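J.: Quick one: sequence plus predicted model below, questions after.
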Amino acid sequence: MLDVNLTAASAGGAEAIHQMRVAVRRLRVQIDLFHGVLHGSRVRACDNDLRWLGRSAGAARQCDVIAGLLRERMARLDPALSAAAGALFDALDRDRAAAYRRFADDLATARYRRMRARLADPLPRKSASGARVADLAFAMLAPIVRKARRAACRVRVDADPALIHRLRIRLKRVRYALETFAEIGGKRTRRARARLADSQDLLGRHQDLIGAIDWLRGFGAAGAAPDVPPAALIAAGALLQDLARQREKLAARIVRRARRLTRAATLEAALREIARESRAAAAARGQSVAPETAEADAAAQSRAAPPPLASAADRAAGSAAIAASHHLEPAPESPTTPTDEIA
């Protein structure tokens, strides 16, 4: 998706920039999954570059999201305040134009070209192991599911927004990882992906509200400038109050959704199902399964060891999966130390 949307994103296409941002997130998750078969130096370089591109795309995308959200909420306020909000949108348009220019400039840099080359040549490690990607699915997924479950258990209605954002990152990582192994698993895995997508809608909306609130506070802090009309500051204050109320209501819904997700053990059920299918596929080939996979039925939250180095067939399969989903040459990436900033 990086290559497919490059031209349109360079020209300032909002949807193309959004799709590139999504592609960056997915690539980072896939790098995390396949880090055991890649050289650490290449993994770190690719992850750092993808973070850089994601931040740049995110800054441009956020301006569009905030503008849409402010217009939506302003329509519900006093018409007199709406008329005074012109200065807010003028300032937001300036921020948007600057962010779009920076992103277009970043896409034209040598760093972007080097990143693209690294993604096409991930430097896989050599291994004599005969394991396949499907055999390692449980070992790859179990730590991610475990962290997501812990994040869901920690969220409270009065939690700091940063904890809710952490939950968003954790669940997004699980969703993208399950989609990477879309052909493994059955109805429980499909149910988990659907529930994760629903949760992501709520969590994404919550993060949009946080972004808009932060931007309005920044506008208010700069409001002492002589060119900002007092009426615009009043409108900003009214919007801040409205968005804060919306955020609190949404946080309560997110907590209820997280509780249902953990009580129903939705993610653990998907993990057990993937383990069973991996074991059945290995048995059909007359092979034994990895111990990590066999543990899944005993306890969905068991501590899975990092996936062992895979064979050339495994590396090729993982590389092809990444290439197919992002229109790249076969090249999986993944950080040796998984990080949380896949927002």
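T.: Arrived safely. Numbers count the residues shown, from 1 in each chain.

J.: Please enumerate the helices of the stretch 201-343 of the chain.
T.: 230-263, 266-284, 291-294, 312-326 (DSSP state H, counting those that start in this stretch).

J.: Pick the most deeply packed of the ones you listed.
T.: Mean neighbours per residue, mean count of other C-beta atoms under 10 Å, is largest over the helices of the stretch 201-343 of the chain for helix 266-284, with a mean of 21. Yep, even glycine has a C-beta here, placed from its N, CA and C like the rest.

J.: So what's the gap between it and the chain middle?
T.: With C-alpha atoms, centre = their mean, to the nearest Å as the basis, helix 266-284 stands 25 Å off its chain's centre.

J.: Stretch 235-249 now?
T.: The chain centroid and the centroid of stretch 235-249 are separated by 26 Å under C-alpha atoms, centre = their mean.

J.: cool, and stretch 186-200?
T.: 16 Å.

J.: Could you pull up the mean pLDDT of it?
T.: For stretch 186-200, mean pLDDT rounds to 93.

J.: Over to stretch 145-154?
T.: Average pLDDT, stretch 145-154: 93.

J.: Same question for stretch 251-271.
T.: 92.

J.: any residues touching that stretch, and which ones?
T.: With contact meaning C-beta atoms under 8 Å, 6 or more residues apart in numbering, stretch 251-271 is reached by 138, 141-142, 145, 148-149, 152-153, 155-157, 159, 161, 164, 167, 174, 178, 185, 188-189, 191-193, 195, 198-199, 202-203, 206, 296, 300-301.

J.: Break this structure down into its structural domains.
T.: Structurally, the chain divides into domains by automatic domain parsing as follows: 1-131+310-343, 134-307.

J.: Run the chain-centre distance for the helix or strand encompassing N48.
T.: Following DSSP states H and E, one finds N48 within helix 40-74. The chain centre lies 10 Å from the centre of helix 40-74; the measure is C-alpha atoms, centre = their mean.

J.: Would you mark the buried spots in it?
T.: Going by neighbour count (16 or more other C-beta atoms under 10 Å), the buried part of helix 40-74 is 42-47, 49-54, 56-67, 69-70, 73-74.

J.: who does it touch, helix- and strand-wise?
T.: helix 14-33, helix 86-107, helix 110-120, helix 187-221, helix 230-263 (3 or more C-beta pairs under 8 Å, 6 or more residues apart in numbering; DSSP states H and E).

J.: how far off helix 187-221 does that helix point, in degrees?
T.: Orientation check (axes from the mean of the first three to the mean of the last three C-alpha atoms, to 10 degrees): helix 40-74 against helix 187-221 gives 70 degrees.

J.: what's the model's confidence in the helix or strand that helix 40-74 is followed by, averaged?
T.: The first helix or strand that comes after helix 40-74 along the chain, using DSSP H and E, is helix 79-84. Per-residue pLDDT values over helix 79-84 give a mean of 77.

J.: who does helix 79-84 touch, helix- and strand-wise?
T.: Applying 3+ C-beta pairs under 8 Å, 6+ apart, one finds that helix 79-84 contacts helix 230-263.

J.: rewinding a little: compare the helices and strands packed on helix 40-74 and give me the one nearest R276.
T.: Closest to R276 of those is helix 187-221 (C-beta to C-beta; 9.9 Å).

J.: For that closest one, name the packing helices and strands.
T.: Applying 3+ C-beta pairs under 8 Å, 6+ apart, one finds that helix 187-221 contacts helix 40-74, helix 86-107, helix 161-180, helix 230-263, helix 266-284.
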